[in-house]
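Asks: Sequence first, then the predicted structure:
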Amino acid sequence: MKAAVIYENGVPDVLRYEDVPDPECPEGCVLIDVEAVSIEGGDLLARAGSPPPSVPHIVGYLAAGTVVAVGPGVKDVAVGDRIVTLNAAGSHASKRAVPAMSTWQIPDGLDAARAACVPVAFGTAQECLFTAGNLEAGQTALIHAGAGGVGMAAIQLAKQAGATVISTASSDQKLERLKEFGLDHGVNYASEDFVRRTRELTDGRGVDVIIDSVGGQNLVDSVGALAYRGRLISVGLAGRAGSDIEARDLWAQNNALRGVFLGGALLSEYPRVHAMIAELLEQVGSGGLRVEIDRTFQLADAAAAHAYIESRQAFGRVVMVP
């Protein structure tokens, strides 16, 4: 089969498009012909900084396609099913084998590309807003990086829940487009101080929930935009830098800092999280939630696809097709 592989960590150009052996389909696993790959932030981090366990190594969390084989012991997935697959690696390929428990059926009428974009982005947004953030109707949420996958999902879910939604993005054009996803107020972080502007938009009160997928100084500064008993949710480090938050900065307003990692939740609370992602897929399939795909690349152009995401030009998701 064809795959985009790495032999070492580095910039997008370390990705090579090569022939590699077809994966086996062991007990408890399913094998799919990949139709679409959703490129996740974790894929970029793995390519850049996680030493490959062996080479050539296929990076990538999410791929969707049609089942062509099932291993012994698999009962709920059959050859011919259209499914989304999630695993720590292996998505950047024309075939993929994963444990059957890490798959979801694609609802009728939903294309593979959009289905592939749902589990991590929408699942993470749901966990951040409601499991960690306890967001309720009538409250206000600040979503950083609203034009990204998690950000765009979070805007929709927060608005659906009856919250007022504020979001940051790098341009006025992106913020204007985000209004159709439920954005109430946009903040251009390239030209505005988001803490000051958030305080202005909330009449000095601050917001109840902040989702920060950037990290670094952005996370530290976000404490200043919280309301009394506000919840700051840290998820991912797009800036690839840790954050030094002084605990006492949370004390004055009884604020809370929570971390979210969807993979850890799926391992520890499998029944709840798996069912939650299945429900999100149904909502996307029925049109209640929307996946915006910015660009589609060929798998052979994986290096260009990764570079495009890192340029921060994308509005929505970037996918690849074999």
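Replies: Yep, it's here.
Asks: what about the residue of the chain most remote from its centre, helix or strand, and which?
Replies: Most distant residue from the mean C-alpha position of the chain: Ala252, 32.1 Å away (C-alpha atoms, centre = their mean). Per DSSP states H and E, Ala252 falls between elements, in no helix or strand.
Asks: Val37 now?
Replies: Applying DSSP H and E, one finds Val37 within strand 29-38.
Asks: got it, and Trp104?
Replies: Assigned by DSSP H and E, Trp104 belongs to strand 103-105.
Asks: for the record, mean pLDDT for the next helix or strand after that strand?
Replies: Counting by DSSP H and E, the next helix or strand C-terminal to strand 103-105 is helix 112-116. The pLDDT scores in helix 112-116 average 98.
Asks: Touching helix 112-116 from outside, list them.
Replies: Outside helix 112-116, the residues that touch it by C-beta atoms under 8 Å, 6 or more residues apart in numbering are 35-38, 62-65, 82, 84, 106-107, 281, 284-285, 291, 293, 296, 319, 321. C-beta: built from backbone N, CA, C; applies to glycine.
Asks: Could you list the low-pLDDT ranges of this protein?
Replies: Filtered on pLDDT under 70, the chain yields the residue ranges 237-242.
Asks: That one: helices as residue ranges?
Replies: In the chain, the helices defined using DSSP state H lie at 41-49, 112-116, 118-126, 149-160, 172-178, 194-201, 216-222, 262-268, 270-286, 302-310.
Asks: Which among those helices is found nearest to Asp13?
Replies: helix 302-310 (5.3 Å; C-beta to C-beta).
Asks: Would you mind giving the domain segments of this structure?
Replies: According to automatic domain parsing, the chain comprises the domains 2-117+291-321, 121-263.
Asks: about what we covered before: the contacts of helix 112-116, buried ones only, as a PyMOL selection?
Replies: The PyMOL command for the buried members of the contacts of helix 112-116 (criterion: 16 or more other C-beta atoms under 10 Å) is given here:
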select buried, resi 35+36+37+38+62+63+64+65+82+84+106+107+281+284+285+291+293+319
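Asks: For Leu250, give its distance to Ser222.
Replies: Distance of Leu250 to Ser222, computed by C-beta to C-beta, to the nearest Å: 11 Å.
Asks: Find the nearest non-adjacent residue to the residue nearest the centre of the chain, please.
Replies: With distances taken as C-alpha atoms, centre = their mean, Ala121 lies nearest the centre of the chain, 2.9 Å away. Leaving aside its chain neighbours, Ala121 sits nearest to Gly149 (3.7 Å; criterion: C-beta to C-beta, 6 or more residues apart in numbering).
Asks: so who does that neighbour touch?
Replies: Counting by C-beta under 8 Å, 6+ apart, Gly149 has contacts 38, 40-41, 117, 120-121, 316-317.
Asks: Using TSV, lay out the residues you listed together with distance to Ala303.
Replies: TSV is the format used below for the contacts of Gly149 (distance: C-beta to C-beta, whole Å):
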residue	distance to Ala303
Ser38	17
Glu40	16
Gly41	17
Cys117	20
Val120	21
Ala121	22
Gly316	20
Arg317	18
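Asks: Go through these and say which is closest to Gly264.
Replies: Val120 (12.8 Å).
Asks: and the residue nearest to the closest one when sequence neighbours are not counted, how many neighbours?
Replies: Distances taken as C-beta to C-beta, 6+ apart place Glu40 nearest to Val120, at 5.3 Å, with adjacent residues excluded. Residues contacting Glu40 under the criterion other C-beta atoms under 10 Å number 27.
Asks: Please apply the same query to Arg196.
Replies: 12.
Asks: And for Ala141?
Replies: For Ala141, using other C-beta under 10 Å, the count is 27.
Asks: so what's the residue nearest to Ala314 when sequence neighbours are not counted up against?
Replies: Computed as C-beta to C-beta, 6+ apart, the closest residue to Ala314 that is not its neighbour in sequence is Asp294, at 4.4 Å. Residues near Asp294 by C-beta under 8 Å, 6+ apart: 314-318.
Asks: same question, Thr202
Replies: Thr202 touches 140, 227, counting by C-beta under 8 Å, 6+ apart.
Asks: Please tell me how far Lys179 sits from Asp294.
Replies: 17 Å.
Asks: try Glu127
Replies: Distance of Glu127 to Asp294, given as C-beta to C-beta: 24 Å.
Asks: just Ala154 next, same as before
Replies: Relative to Asp294, and taking C-beta to C-beta, Ala154 is found at 17 Å.
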